[in-house]
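got a structure for you, letters missing:
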C-alpha cells in the first residue's frame with residue numbers, strides 16, 4: 001500500500017469551512033498564549049491585516065512570502081506547532097478562509113514567513129500567487145495544533161508530502177535550535193520531483209548541523225539523473241524497516257495531501273477530531289496514541 005502523490009493532489013488537509021468556528025472555540029479555550037504583549041497574534045477573534053514585504057518563487061508553483069507584523073519589535077505570537085487562519089473576500093463578496101503554518105521561528109521579530117504551494121483549484125493559493133509587495137492579507141490566530149515541549153518524546157518521525165512540509169519543518173526547526181532538546185528526528189518527505197522539494201536547502205542545512213540528531217529521507221516520483229534519494233512513494237515496507245515500534249516514547253506526525261492520509265494514517269474526522277488510525281500505520285500496529293495528523 002503506497003502513498004500516491006502527484007501535482008494535481010498535493011495539497012494539505014484542511015477542515016471544512018463550517019468547522020472553523022469549532023476550531024476557534026477550541027483554541028481559545030486551550031490557547032496558552034492569550035493576552036501576551038509584544039506579539040501580533042494573541043488568540044483573539046480580530047482579523048489583522050499584514051502587509052506583504054516580499055514574495056519570491058521557490059519552485060514552479062510555490063513562493064516564499066514574507067509579511068510584516070504589526071510592529072517591527074513584535075514576534076508573531078505563534079508557538080510550535082500552530083498556524084494562522086487567513087482570509088480574503090472574493091469579488092462576489094464571499095469569504096475564503098484557509099489555515100497556513102509559517103516556516104519562520106517563533107521568536108523572529110518584525111516579520112513572519114510562509115511557503116505556499118499554488119494549486120489549479122486553490123482559490124486562496126492563487127490569490128497569494130498574485131499578491132504584490134504592499135498588498136495585505138487578513139490573518140487571525142494562532143490555532144495551536146500541537147504544543148511542543150522539549151524532550152516530549154525520545155524520538156519523533158515526521159511523514160510529509162508536498163506543502164504538508166510546513167508544520168513538520170516548524171517542529172524540526174524548533175527542536176534543533178534548542179540545545180536542551182535532545183529529541184531524535186526522522187523526516188520522510190515525498191515530492192513529485194526534485195525541484196518540488198520545498199525547503200530542501202533549509203532542511204539539508206539543519207541535517208548537516210545535527211547529524212547525530214536528524215535523519216532525512218526524501219522520496220520523489222520523478223527522479224533526475226544523479227538523484228541519490230528514494231524513488232517512488234513512502235510505502236509499508238520502508239516504514240516497517242525505519243519507524244520505531246509503537247511506544248509512548250515516540251510519536252509519528254503526518255501532514256500531506258488526502259491520498260497520503262488515506263493510505264498511511266487515515267483522514268481526520270474534523271479539525272478537532274483526529275479519528276482512528278487506519279491504513280499502513282494501523283497495519284504496523286500504531287494507533288491514535290502514537291500518531292498525530294496535522
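Cool, got the structure. The structure displayed is predicted, hence computed values, not measured ones. Residues are numbered from 1 along each chain as shown.

in the lengthiest strand in the chain, what's buried?
Ordering each strand of the chain by length in residues (DSSP state E) puts strand 48-59 first. Across strand 48-59, burial judged by 16 or more other CB atoms under 10 Å covers 48, 50, 52-53, 55, 58-59. Bear in mind the C-beta positions are built from the backbone N, C-alpha and C, glycine included.

Which residues are in contact with residue 153?
183, 249-251 (CB atoms under 8 Å, 6 or more residues apart in numbering).

confidence score at the closest residue to it other than its chain neighbours?
The spatially closest residue to residue 153, leaving aside those adjacent along the chain, is residue 251, at 4.9 Å (CB to CB, 6 or more residues apart in numbering). On the pLDDT scale, residue 251 is placed at 98.

From residue 49, how far out is residue 251?
Distance, residue 251 to residue 49, by CB to CB, to the nearest Å: 36 Å.

circling back: my hunch is that the residue nearest to residue 153 is in a strand, does that hold up?
Yes: per DSSP: H, G, I helix; E, B strand; the rest coil, residue 251 lies within a strand segment.

Tell me how many other residues surround it.
22 (other CB atoms under 10 Å).

May I have the residues that are in contact with it?
Per CB under 8 Å, 6+ apart, neighbours of residue 251: 152-153, 156-157, 290-292.

7 Å - rerun?
Counting by CB atoms under 7 Å, 6 or more residues apart in numbering, residue 251 makes contact with 153, 156, 290, 292.

try residue 142
By CB under 7 Å, 6+ apart, the neighbours of residue 142 are 41, 43, 77-78, 82-84.

Could I get the residues you listed in CSV, plus columns for secondary structure, distance to residue 205 and neighbour count?
Below are these laid out as CSV (DSSP: H, G, I helix; E, B strand; the rest coil; distance: CB to CB, whole Å; neighbours: other CB atoms under 10 Å):
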residue, secondary structure, distance to residue 205, neighbour count
41, coil, 27, 26
43, coil, 32, 23
77, coil, 26, 23
78, coil, 22, 25
82, strand, 24, 27
83, strand, 24, 25
84, strand, 25, 27
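
from the residues you listed, which is closest to residue 245?
Closest approach between the contacts of residue 142 and residue 245, by CB to CB: residue 82, at 29.4 Å.

Run through the bridge partners of the residue nearest to residue 153.
residue 156 (DSSP bridges).

Pull up the gap between it and residue 171, please.
10 Å.

wait, isn't residue 233 in contact with residue 190?
Yes: between residue 233 and residue 190 there is a contact at 6.3 Å, judged by CB atoms under 7 Å.

If you count surrounding residues, which of those two has more?
Taking other CB under 10 Å, residue 233 and residue 190 do not tie; residue 190 has more neighbours (29 against 20).

domains in the chain, as residue ranges please.
48-144, 155-293 (the TED database).

so where's this structure shaky on pLDDT?
In the predicted model, the chain carries pLDDT under 70 at residues 1-36.

can you give me the helices in it?
20-30, 123-129, 165-176, 200-209, 236-242, 258-260, 279-283 (DSSP state H).

Redo the ones you listed as a markdown table? Include mean neighbour count.
Output for those, formatted as a markdown table (neighbours: other CB atoms under 10 Å):
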| stretch | mean neighbour count |
| --- | --- |
| helix 20-30 | 14 |
| helix 123-129 | 18 |
| helix 165-176 | 24 |
| helix 200-209 | 15 |
| helix 236-242 | 14 |
| helix 258-260 | 20 |
| helix 279-283 | 19 |
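
Adding distance to residue 148, write those out as a markdown table.
A markdown table is the format used below for these (distance: least, CB to CB, whole Å):
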| stretch | distance to residue 148 |
| --- | --- |
| helix 20-30 | 15 |
| helix 123-129 | 26 |
| helix 165-176 | 6 |
| helix 200-209 | 16 |
| helix 236-242 | 22 |
| helix 258-260 | 22 |
| helix 279-283 | 21 |
